[in-house]
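In: I'll drop the sequence and a predicted model, then ask my questions.
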Amino acid sequence: MSDKAKRLARVLRVRTMQLNLTQAEEARAAARVADEIALRERILNLAHAVSPVPTPSASAQTLGAAAHYREKLHATAQVVERRVAQADDGLVRARSATMAARRDQSAVEKLLDRAHAARALRELRAMENAPPVRRPNRHDPC
């Protein structure tokens, strides 16, 4: 194996490791987006469950407390919306990093394939240019 082939194989191992790391980072970013969306849904469901509903036994203080709690939940929901947007941005960055790593790895694979093809072609040319192998004449007595 030539120095160039060894170097390309080493670069391929590094690029493969980088691709695996970026894919893991993308998976973590996707999980973070899913967690943030789940949190947003839980907060919105809680806000709908706490909405002040006038009933005959409800006092003004109870309705005011429910409205205050619901207002706090909506403020929290707005913060979570920003967190979801940030998580989405992180996921987009992770996906673009994964695509770049995949491009790098495939480029190295193509270079390695090209080097293997060139080596095979050199070996074939060497065989073509080699002197012919002569077989000994077999003149056995019959």
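Out: Cool, got the structure.
In: any idea which element residue 138 lies in?
Out: In the assignment (DSSP states H and E), residue 138 maps to no helix and no strand.
In: Dihedrals phi and psi, it?
Out: Backbone torsions for residue 138, taken as degrees, to the nearest 10, come to phi -100, psi 100.
In: any idea how far it lies from residue 67?
Out: 109 Å (CB to CB, to the nearest Å). For the C-beta atoms, the positions are set from N, CA and C on the backbone; glycine is no exception.
In: So between the two, which is more surrounded?
Out: residue 67 (13 against 5; other CB atoms under 10 Å).
In: For the more buried one, give me the pLDDT.
Out: pLDDT recorded at residue 67 is 80.
In: on contacts alone, who are the packing partners of the helix or strand hosting it?
Out: Secondary structure from DSSP H and E places residue 67 in helix 60-129. Applying 3 or more CB pairs under 8 Å, 6 or more residues apart in numbering; DSSP states H and E, one finds that helix 60-129 contacts helix 3-49.
In: List the buried residues for stretch 114-132?
Out: residue 115 (16 or more other CB atoms under 10 Å).
In: How about residues contacting it?
Out: The contact list for stretch 114-132 (CB atoms under 8 Å, 6 or more residues apart in numbering) reads 2, 4, 5, 8.
In: Just the buried residues of these.
Out: residue 8.
In: how about the contacts of stretch 114-132 in a markdown table, adding pLDDT and distance to residue 33?
Out: Shown next, in a markdown table, are these (pLDDT from 0 to 100; distance: CB to CB, whole Å):
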| residue | pLDDT | distance to residue 33 |
| --- | --- | --- |
| 2 | 77 | 46 |
| 4 | 82 | 42 |
| 5 | 81 | 41 |
| 8 | 88 | 37 |
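In: which pair in the contacts of stretch 114-132 spans the largest distance?
Out: 2 and 8 (9.4 Å; CB to CB).
In: residues touching the spatially most central residue of the chain, list them.
Out: In the chain, the centroid-proximal residue (CA atoms, centre = their mean) is residue 23; its distance is 2.9 Å. Shown in contact with residue 23 (CB under 8 Å, 6+ apart): 98, 101.
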